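# Return a 3D structure for these sequence lines:
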Amino acid sequence: MENIPLLLSIATFIVILFLFFTAASFLAARKKEQDLLHRTEKWSEKAKNAGGSTSKERGSKGTGLFAFLGLSGKGNKGLDESMYADTPLFYQRAGIYNRSAIRLYQILRILLFLTPPILLIFSYLVYNRPVNSLTLLVVFMAAVVAYFLPVLWLKMVARARKKELDRTFPDAMDLLMVCVEAGLGIDSAIRRVSDEIHITSPELAKEFKILSLELKTGRSRNDCLKNLARRTDLPDVNNLVSLLIQADKYGTGVANALKVHSEEMRQKRYSRLEELAAKLPVKLVVPLILFIFPAFFVVIMGPAAIQVLRVIIQR
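Residues are numbered from 1 along each chain as shown. As a prediction, this is how the structure comes out:
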């Protein structure tokens, strides 16, 4: 117990050091973001007449404490949509493209990490509760678990979003094939699909919208398609991207290639549904044995058991 003040001093020093490095990392990320925004002003000027955001909207972004904390300052009209694809890939696969949300997520992780040590120090200084090695170990473990809980949650969100994209992508492929066969270019067809599929799948519509905005900025179509494949992390999207890149490289017809690919995806979808239907009887065995059979047994054997008990009691 004599070393408790020393341990609390060391813990306080570690917390302060952690806060210092966190603030430094935030400032470095802020500077990097400003440099990136400055470099992409020329790209946005090219997309100005095509519906991109203007430099005035970018200049209205909050500064100071609000911008540092990731909050919307006064007069903030949102981030430049053409910058969405420059967020880290880990957040993109979870559907998070707003840098303010990313900052709030990082701040939440830091606060969760600092909460157990702060509560320990507060309880010791205010209520004079004893602190031993076991308590310090529990507090450290709680801080580590709390720090990584948002990461686990974000991975679960990314997994659920991936399943949703995989479920709705064949429908988007059919719509894309119809648009191309109707005479639209591949860029216009992608923009049309992003507008039409918004009600059915907002996440997939967001991905196609980002792809359309990247194409407007003047980037190479192959790079934009590869970014789409990296963001979605789906085998079907990878196959589509490879198909479009090869069609653009060798000059083949995009409409026929999309038609063949759409039919292949439809067959794969039917095969997947048939596989799930074939697994259904096996999966129903466990709930059938645990929940259905006992109820049937009680209903069938209950009256007979009551009659047997009555006969035994009467005798």
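# list the contacts for the residue nearest the centre of the chain?
Centroid check for the chain by C-alpha atoms, centre = their mean gives Ala94 as the closest residue, at 0.9 Å. Remark: with contacts taken as C-beta atoms under 8 Å, 6 or more residues apart in numbering, Ala94 is in contact with Leu154, Lys155, Val157, Ala158, Arg161. C-beta: built from backbone N, CA, C; applies to glycine.
# What remains of those residues if I keep only buried residues?
Among the contacts of Ala94, the ones that count as buried by 16 or more other C-beta atoms under 10 Å are Leu154, Ala158, Arg161.
# now those as CSV including secondary structure and distance to Ser201?
Formatted as CSV, these follow (DSSP: H, G, I helix; E, B strand; the rest coil; distance: C-beta to C-beta, whole Å):
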residue, secondary structure, distance to Ser201
Leu154, helix, 20
Ala158, helix, 16
Arg161, helix, 10
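# do you know how far Pro130 is from Pro235?
Separation of Pro130 from Pro235 (C-beta to C-beta, to the nearest Å): 57 Å.
# Show me what counts as buried in stretch 241-254.
So for stretch 241-254, counting by 16+ other C-beta under 10 Å, buried means Val241, Leu243, Leu244, Ala247, Val254.
# Would you state the helices of the stretch 201-315 of the chain in chain order?
With DSSP state H, counting those that start in this stretch as the criterion, the stretch 201-315 of the chain has helices at 202-216, 221-232, 235-250, 254-287, 293-314.
# in the fourth one, what counts as buried?
Of the residues in helix 254-287, those buried under the neighbour-count criterion (16+ other C-beta under 10 Å) are Val254, Ala255, Ala257, Leu258, Lys259, His261, Ser262, Met265, Arg269.
# How about Leu211, nearest residue that isn't a chain neighbour?
Leu228 (5.0 Å; C-beta to C-beta, 6 or more residues apart in numbering).
# cool, Met265 as well?
Pro170 (4.7 Å).
# so what secondary structure elements neighbour the strand or helix carrying the one you found?
Using DSSP states H and E, Pro170 sits in helix 133-181. Packing contacts for helix 133-181, counted by 3 or more C-beta pairs under 8 Å, 6 or more residues apart in numbering; DSSP states H and E, involve helix 99-127, helix 186-196, helix 202-216, helix 235-250, helix 254-287.
# Please look at the residue nearest to Leu211 and Leu204 and confirm they touch.
No. Assessed by C-beta atoms under 8 Å, Leu228 is found out of contact with Leu204, at 10.6 Å.
# And the pLDDT at Lys163?
Note on Lys163: pLDDT of 89.
# For burial, what's the neighbour tally of it?
Residue crowding around Lys163 was assessed by other C-beta atoms under 10 Å; the count is 11.
# roughly how far apart are it and Pro170?
Lys163 is 13 Å from Pro170, by C-beta to C-beta.
# Arg221 now?
Arg221 is 22 Å from Pro170, by C-beta to C-beta.
# And Lys279, by the same measure?
20 Å.
# One more: His261?
10 Å.
# same thing with Arg109?
36 Å.
# ok so, going back, can you redo the buried residues of stretch 241-254 as TSV with pLDDT and distance to Thr115?
Shown next, in TSV, are those (pLDDT from 0 to 100; distance: C-beta to C-beta, whole Å):
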residue	pLDDT	distance to Thr115
Val241	86	43
Leu243	83	50
Leu244	83	48
Ala247	81	54
Val254	80	54
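# Show me which of these is closest to Phe140.
Val241 (45.1 Å; C-beta to C-beta).
# Show the contacting residues for the closest one.
Leu225, Lys226, Leu228, Ala229.
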